[in-house]
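Q: model this:
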Amino acid sequence: MAVYVVLSRVTPGAFREPGDFRKVVETVVERIREDCPDITFKDSYATLGRFDFVDIIESDDPEQVKKAIMIMRACGQSETETLVATPFQEFLARL
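A: This is a model prediction of the structure:
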């Protein structure tokens with residue numbers, strides 16, 4: 001399975017109160033579960049710095065990954081950057 005690292009930054013105005021963010025997350029997760037069944041969320045982190053969140057996802061279907069990212073952008077009102085990740089030992093073995 002391919003691994004993707006999704007870096008997200010919430011746009012200003014995405015929600016008014018910090019507690020409202022929970023509803024935004026629930027909407028995004030529900031839509032991705034319904035529309036992208038071949039996506040597996042391995043881990044999610046809230047971060048300090050340039051990005052607000054880091055999600056680690058797996059999928060063998062790049063089209064569903066693209067769709068999931070668009071759902072995150074539209075419903076989550078965020079900007080994203082997506083990286084394809086290779087396990088380090090696998091990377092070394094290819095050298």
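
Q: which other helices and strands does the helix or strand of the chain with the lowest mean pLDDT contact?
A: Ranked by mean pLDDT, DSSP states H and E, the weakest helix or strand in the chain is helix 21-35, scoring a mean of 93. Contact partners of helix 21-35 among helices and strands, from 3 or more C-beta pairs under 8 Å, 6 or more residues apart in numbering; DSSP states H and E: helix 62-75. The C-beta positions use only the backbone N, C-alpha and C, and glycine is treated the same way.

Q: run through who's touching the following helix or strand past the helix it packs on.
A: Once the chain leaves helix 62-75, the next helix or strand it forms, by DSSP states H and E, is strand 78-85. Contacts with strand 78-85, where a contact means C-beta atoms under 8 Å, 6 or more residues apart in numbering, come from 2-11, 14, 51-53, 56, 65, 69, 72-73.

Q: try 10 Å
A: Strand 78-85 has contacts (C-beta atoms under 10 Å, 6 or more residues apart in numbering) with 2-11, 14, 24, 28, 50-53, 55-58, 62, 65-66, 68-70, 72-73, 91.

Q: mind giving me the PyMOL command for buried ones among those residues?
A: A single PyMOL command is used to select the members of the contacts of strand 78-85 judged buried by 16 or more other C-beta atoms under 10 Å:
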select buried, resi 3+4+6+7+8+10+24+28+51+52+53+55+57+65+68+69+72
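
Q: my read is that residue 74 contacts residue 31, right?
A: Yes - taking contacts as C-beta atoms under 10 Å, residue 74 lies within contact range of residue 31: 8.8 Å.

Q: between the two, who's got more neighbours?
A: Applying other C-beta atoms under 10 Å to residue 74 and residue 31 shows that residue 31 carries more neighbours, namely 17 against 11.
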